[in-house]
Every structure is written in C-alpha cells, then in structure tokens.
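# here you go, sequence then predicted model.
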Amino acid sequence: MASIYTLQFNSLSFSHRLSSNLVKLRTEFDLCDGQLSFNRLSIARNFELRAVSSDGDHPVKTENVAVAGHSKRPVAKFHEIVSSLPHVAFVMKKNAGSSFAIGLFFATAFFVIVVGVYMSRKSRHSPPGSVADLVRRGQLRSDRRGISRPLKYEDPFNNPMVKVGKGNSTVEMCGKVYRLAPVTLTEQEQATHQKRRSRAYQWKRPTMFLKEGDSIPPDVDPDTIRWIPSNHPFATIASDIDEDLAQDNMYQKHGVPFRIQAEHEALQRKLEMLQSEQKLNKVVIDSSNAKDFERPFKFNQNSHEPAEQNPFNIQSGNSRPPKSDQAPNTVGSKSSSEELPKP
Amino acid sequence: MLSFIQSPTTPFKPLFNFKTLKPTKPHFSKPIQSVLQWNRKPQLAGETPRVVVITSGKGGVGKTTTTANVGLSLARFGFSVVAIDADVGLRNLDLLLGLENRVNYTVVEVLNGDCRLDQALVRDKRWSNFELLCISKPRSKLPLGFGGKALVWLVEALKSREEGSPDFIIIDCPAGIDAGFITAITPANEAVLVTTPDITSLRDADRVTGLLECDGIRDIKMMVNRVRTDMIKGEDMMSVLDVQEMLGLALLGVIPEDSEVIRSTNRGYPLVLNKPPTLAGLAFEQAAWRLVEQDSMKAVMMEEEPKKRGFFSFFGG
C-alpha cells in the first residue's frame, strides 16, 4: 500500500507539472485523474505525449488528431492490457525492492572506489619529512630537499605566537599558557661549581699527537700528548702536508689553488719536454690502458688520418698513440686551464 | 623560553633534595619582571667574530640541531654566520641544512691546496649571510697533528676576508672528548653546552664543562634540550632548574620536545623557518637572541596551565 500512496503522490506532483496542453489532451482521452493515479503506465504515456507537445503547437495538434481517430479502440485495448497485468501494488513493491538493492550496490561500489582512490593518493602523497617520504625520494635523489617548501616565516621580529601575561608570571606560546619560574642560580653558586670542577677535572689540551708505540720527545709535557691508535676511524698522525704550506693555502684568497697550479705546471713541463725531444709520436702506450680510451666508431667518423690506418687501429689495442696519450692529460689540463687566467 | 630582564637576585635556595631529585614547588615571593624580545634587532655584544663551540659530552642530545637552528636564526637576525661542521667522522650538519649536495670541498682540500677557502664555503641560498664549512669528507682521515691549528688558521683567514669578518663562527663539535673535541674547541672563545634533562647527559656535560674550563673557555652557557613539561609536572623528569642546580651554568635556552624536530631534520629544513613557528623553533630563536646579546634566561617556563575559558566557551567560542 505504501507504494500505491507514493504513486498517488507522484501522480499528484506530476499533475502539477503538466502543461495546459496535456490537461487538455487528458480530457480528450476521457481519462480521469483517478485512473491516472491508479495506473503508472498511463502516466508514462501522458509523459510521452507531453514530450511531443513541448516542441510547438502544430505537432501537438497532429498528434491529437491521430490519437483521436483511434480513440475508441485504444481505450478498449488499454483496459485489456490493464486487466492482463498483475496487481499494481505487487509489481511496484517488487520493483522498489530490486531498485533499492541495485542502488545500494552502486552506492557501495562507488564508496569503495572513492575510499580506494583516497587511500592510494594518501599513500602516494605522504607528508614531507616522514619516513615514507624519505623512502620514496631516497637519499640519492635528495637534491630537492632543501627547497621542498618555500620559505614563509620571514619576520623574526614580529611574532604573534608569543604573548606574555599581564602579571608577567605566565607566557602564552603557540596557544598554550605556561607558568614562569624565576631562575635562582646566583653568581656565588656558579663560582662554587667552577671550583668543584677545577678540583675534579685536571686536564691539559693535547698538543702533541703520537701513534701508540712512539717514543715521547724529551721536551714535551706528557699530559699534552694524545695517543692515537693506528686503526682510528678518522684520525691519523701521518701527515704528508707541510704545515707552512697548509697555512699558506688556508690564507690564499685569489688565484689558482696551490696544488692545481703545481699539477698544471708539472704537466706543462712534461709536455714541453716531450715536444722538445720530439717524442710525441713515438710514445709507447700500454695496450690495456689504451683500450679504455678507444672509441672505434667515433674515431672512424672523425678521423683525419689516412684510411689505411683505421683497420690497424681497430684491430690492435695500440690505436691513436698521440690521442690516447693526451686523453688523461686533457682532463687535468682542462680543469687547470679554467683557473689559468688568474695570475 | 623567552628573554627576560634581569630580575632582582634572590638568595639561593635549594629547590629540591639531590638524593631524590624530586622537585618541590618553588615559591614566588617577587613578581617576575619580563619583557618580550620582539620588534627590534638584537644588539651584538662582544668582539667579532664570536667563535662559539656547541658541544656536549653525550651524543644525540641535539648539538647539530642546535647549531643549524641557532646559526640560521642568527642569519635571519641579520648577522653573518659561518657554521663549521667539526665532526670529522660523522658529519651531519649539511644534511640538517639541506646543503649536502653542495659540499664539494672541505677544509682538508683547502689545506691540501686543492681549492681556496672561499670555494669551500657553501652559501645557503635561503639566507645568503649563512655559510657552511665542513672540515672533512666522511671517509677521509684528518691528520690530527694540526687539526686544532688548522681551525685557528681558518678563523684568522675568515677574519681577514675581503667582504669582512663574519659576526659569528659557530663550531659544531663531535660527541665525546676524543681528538675531534680537542680540534673543535681549540679556536673557541665561548661554548654552548647542550644537554638533556637526564643523569647520563648531565654527568657527561659536567665533565665537558670541566675540560672547557681547564682549556680556558670561561663563557659557558647551557641549553637544555628535549624538555617535557608534562613529565616535569609528573615528577618523572628533572626540571630545568634542577639541571641548572646540578651544573651551575647560566641558561641560554630551554628547548621543548617537539616532533617537528625530526621532520625538519629529515627535510633538511631548519625548524626556525617553519610557519607557523613551532614551540621548539621559537625557543631556538630566543636562544639565538640571548647568544647575540650575551644574555641568559632569568625565568623558565615551568608547566602548562589550563587555559582560561571564556564566557562563551561552552558555545564553542
């Protein structure tokens, strides 16, 4: 019965929405409102007619004529169809139940899809700085870490997040109120602690670092010696750096760094020596080393040498004696030549 | 957490019994005189460059975090800062600052003559008056014969730079009192001792303070890190005043425990730049403020008070 009531309610609501044309048509069909409300099929037919009538006046008229021509027989047929159909309430109940189940199914499926998409997005866009985020990005691809979010907190001199209470006994920071307690440490107490520590800890900063097993130099205070084990992970006493030179390197402000310049000069000297001795084309190259620098295809394309030399170069590892000789040197000379213009 | 004007000195009263380490409620006989230190630039005290070593006995108490945040706070205040990672074997300051991919040269390369000092300094793009210098690459060995000397030369070289001497040279010291510690403290004039409110950290801090004092560094201030007011209230953690009582050092700052520290560490984005500012970030900023002015804390935050609810609070207001 509930479905019938709803149906009646629907028909009422439909009837409110029916156009004047449709109401007119109903009177021509001799269908009363009671019948309309009783049978849903008739409502559907009315809607079909209404859809036609919305286009304009002329089609409606033709339709009216066409329907009116068979006005007697369709009504009889209609009554037969109605009588052949099962009870309306039963049909409607059945339809309502199945549609509810289908609706529920679709709603559930939609909800599951939405939740799945949300969870996958959430897992993908983990908050910056979390462990998942670190794993996703990896330490090797960390070049974007420093600029992951633009700087926002610009002004350290105007901070509304900190407020001091009226009586100065409380302070509000980040929305939380904290009670303040005065610091009670006095200078006298500090001096007492210093004295205690000076008695407890006797220490001299080590100035001499020796490997275990070394002998102590005669004019050195044993307290200032630090013994470094030979397997220390990062400290060593072996130093191949001259102290004066290291100090000069530290104070150097302009020009080519010492070592770069020294390497460059050494290479330059070597090259000049080779050129002067005319040994440039006679240098013997180790075949295993030369293989590393060998590029047969590129060499073939770019070669300006006679063609008969190429098969020999590809077959044997001793190809391009002058070039393979220059290859390791050019790296050093290139880096140093960048620094060269400076005095 | 904040900087406070010098309160009238009160006679020392022991706040708690050392044997039990149970804090008693302090009595507030006099009102606390305090002002906020915002809305102005801090006044630089002392001679520049101020060479500050940030050290602690124990590892994992937050030396590198403190160095990164205090250093960047100083840069934001407008001072030029050079932060030196003196942790030879286990350097991490570059990671905290997000500059790990820009460290090509270190002090060792400068000493060897592979590069100049200005090439080894890594300038932070966020604050151009902040520069990072690492002392060595993780897998290289530092000749210890002149590790300390090298840092002294380094400070001298920074002093005589063309663009002027930096205002602050902050040295991140490695844990322990090994060779790295000796190297790091050599050029320093003042020290910041980072500690946490637990007895292991306090014992090491006391020892390190003793060594620093033996070495002639008298200006030592402490920073108490990872403080939890809820645990202090429940008497499960020593209060800041208890820590001060045990070490007898002036307080530079109190940093509350904050989960944002780990996140900022992982991101390579120091805490003091976060917006909205976090509690720990504000505390670091205030500590940097006091470092500039050579001030110390005169009052500490004790515990959280229940917030007073307004008349319309039950309406959600």
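Happy to help now that I have it. Numbering: from 1, shown residues only, chains lettered A, B, ... in the order given.
# only C-alpha atoms for contact and neighbour calcs from this point on.
Noted.
# give me the distance between the two termini of stretch B:47-67.
20 Å (C-alpha to C-alpha, to the nearest Å).
# mind listing what's buried along it?
Using 16 or more other C-alpha atoms under 10 Å in any protein chain shown as the test for burial, stretch B:47-67 gives B:49-58, B:61-67.
# among those residues, which lie within strands?
B:50-55 (DSSP state E).
# Serialize those to a markdown table and add fields for pLDDT and distance to B:G176.
Shown next, in a markdown table, are those (pLDDT from 0 to 100; distance: C-alpha to C-alpha, whole Å):
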| residue | pLDDT | distance to B:G176 |
| --- | --- | --- |
| B:R50 | 95 | 23 |
| B:V51 | 96 | 20 |
| B:V52 | 96 | 17 |
| B:V53 | 96 | 14 |
| B:I54 | 96 | 12 |
| B:T55 | 95 | 9 |
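# and those residues as a markdown table, adding distance to chain A?
Shown next, in a markdown table, are these (distance: C-alpha to the nearest C-alpha, whole Å):
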| residue | distance to chain A |
| --- | --- |
| B:R50 | 20 |
| B:V51 | 18 |
| B:V52 | 18 |
| B:V53 | 15 |
| B:I54 | 17 |
| B:T55 | 16 |
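# what is the nearest of those to B:S239?
B:T55 (21.0 Å; C-alpha to C-alpha).
# go ahead and confirm that closest one touches B:A191.
Yes: counting by C-alpha atoms under 8 Å, B:T55 does reach B:A191; the two are 7.1 Å apart.
# so who does the residue sitting nearest the centre point of chain B touch?
Closest residue to the average C-alpha location of chain B: B:T66 at 4.0 Å, with C-alpha atoms, centre = their mean. Counting by C-alpha atoms under 8 Å, 6 or more residues apart in numbering or on different chains, B:T66 touches B:54, B:284.
# swap in 10 Å and give it another go.
Neighbouring residues of B:T66 by C-alpha atoms under 10 Å, 6 or more residues apart in numbering or on different chains: B:54-55, B:72, B:93, B:172, B:192, B:194, B:223, B:225, B:255, B:270-271, B:284, B:287-288.
# can you check A:K77 too?
Applying C-alpha under 10 Å, 6+ apart, the residues near A:K77 are A:S83.
# quick check: domain ranges of chain B?
B:63-168, B:189-299 (automatic domain parsing).
# a markdown table please, covering those and showing mean pLDDT.
As requested, these are exported to a markdown table (pLDDT from 0 to 100):
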| stretch | mean pLDDT |
| --- | --- |
| domain B:63-168 | 89 |
| domain B:189-299 | 90 |
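# now render those as JSON lines, adding distance to A:V171.
Listed next are those as JSON lines, based on distance: least, C-alpha to C-alpha, whole Å:
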{"stretch": "domain B:63-168", "distance to A:V171": "21"}
{"stretch": "domain B:189-299", "distance to A:V171": "11"}
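# joint contacts of B:T55 and B:A191?
Here B:T55 and B:A191 have B:171, B:185, B:209, B:212, B:222 as joint contacts, going by C-alpha under 10 Å, 6+ apart.
# quick check: beta-bridge partners of the nearest residue to the second one once chain neighbours are set aside?
Counting by C-alpha to C-alpha, 6 or more residues apart in numbering or on different chains, B:I185 lies nearest to B:V53, which is 6.2 Å off, once chain neighbours are set aside. Counting by DSSP bridges, B:V53 forms beta bridges with B:I171, B:A191.
# of the shared contacts of B:T55 and B:A191, which belong to helices?
The helices in this structure, assigned by DSSP state H, contain B:185, B:209, B:212 from the shared contacts of B:T55 and B:A191.
# was I right about the last one contacting B:A184?
By that I understand B:L212. No: contact criterion C-alpha atoms under 10 Å: B:L212 and B:A184 do not qualify, at 11.1 Å.
# spit out the residues that contact those two alike.
Common neighbours of B:L212 and B:A184 (C-alpha under 10 Å, 6+ apart) are B:T55.
# residue 182: neighbour count?
All of this is about chain A. Neighbours of A:P182 under the rule other C-alpha atoms under 10 Å in any protein chain shown: 26.
# chain B, not that one
23.
# please apply the same query to B:E304.
Neighbours of B:E304 under the rule other C-alpha under 10 Å: 17.
# re the thing from before, which among the ones in helices among the shared contacts of B:T55 and B:A191 end up buried?
Buried subset of those (neighbour count, 16+ other C-alpha under 10 Å): B:185, B:209, B:212.
# ok, the first one touching B:T209?
The one in question is B:I185. No: look at B:I185 against B:T209 with C-alpha under 10 Å: they stay out of range, at 11.6 Å.
# shared neighbours of those two, which are they?
By C-alpha under 10 Å, 6+ apart, the residues touching both B:I185 and B:T209 are B:55, B:191, B:215, B:217.
# of all these, which two lie farthest apart?
B:T55 and B:D215, at 13.9 Å, using C-alpha to C-alpha across these.
# pull up the overlap in contacts between these two.
Joint contacts of B:T55 and B:D215 (C-alpha under 10 Å, 6+ apart) are B:185, B:209.
# SS state for B:L132?
strand (DSSP: H, G, I helix; E, B strand; the rest coil).
# which one of the shared contacts of B:T55 and B:A191 is nearest to chain A?
Nearest to chain A among these is B:T209, at 7.9 Å by C-alpha to the nearest C-alpha.
# which residues does that closest one contact?
A:194, A:197-198, A:201, B:55-57, B:191-193, B:203, B:215, B:217-218, B:220-222, B:247, B:249.
# same question for B:L133.
So B:L133 contacts B:82-86, B:93-94, B:103, B:105-107, B:117-123, B:171 (C-alpha under 10 Å, 6+ apart).
# looking at the contacts of B:T209, which are in strands?
Those of the contacts of B:T209 lying in strands (DSSP E): B:55, B:191-193, B:220-222.
# of the residues you listed - the most surrounded one?
B:T55 (33 neighbours).
# which of the ones in strands among the buried residues of stretch B:47-67 lies closest to A:A262?
B:V51 (33.8 Å).
# isn't that closest one up against B:E156?
No: with contact defined as C-alpha under 10 Å, B:V51 does not count as touching B:E156 (11.1 Å).
# list the residues that contact both of the two?
In contact with both B:V51 and B:E156: B:P187, using C-alpha under 10 Å, 6+ apart.
# so what's the closest residue to B:G248 other than its chain neighbours up against?
In space, and not counting its chain neighbours, B:G248 is closest to A:Q190: 5.0 Å by C-alpha to C-alpha, 6+ apart. A:Q190 makes contact with A:196, B:244-245, B:247-250, according to C-alpha under 10 Å, 6+ apart.
# of those, grab the buried ones for PyMOL.
The PyMOL selection below is limited to those of these classed as buried (16+ other C-alpha under 10 Å):
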select buried, chain B and resi 244+245+247+248+249+250
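# tabulate the contacts of A:Q190 (a markdown table), appending distance to A:D244.
Output for the contacts of A:Q190, formatted as a markdown table (distance: C-alpha to C-alpha, whole Å):
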| residue | distance to A:D244 |
| --- | --- |
| A:R196 | 41 |
| B:Q244 | 45 |
| B:E245 | 47 |
| B:L247 | 41 |
| B:G248 | 42 |
| B:L249 | 40 |
| B:A250 | 40 |
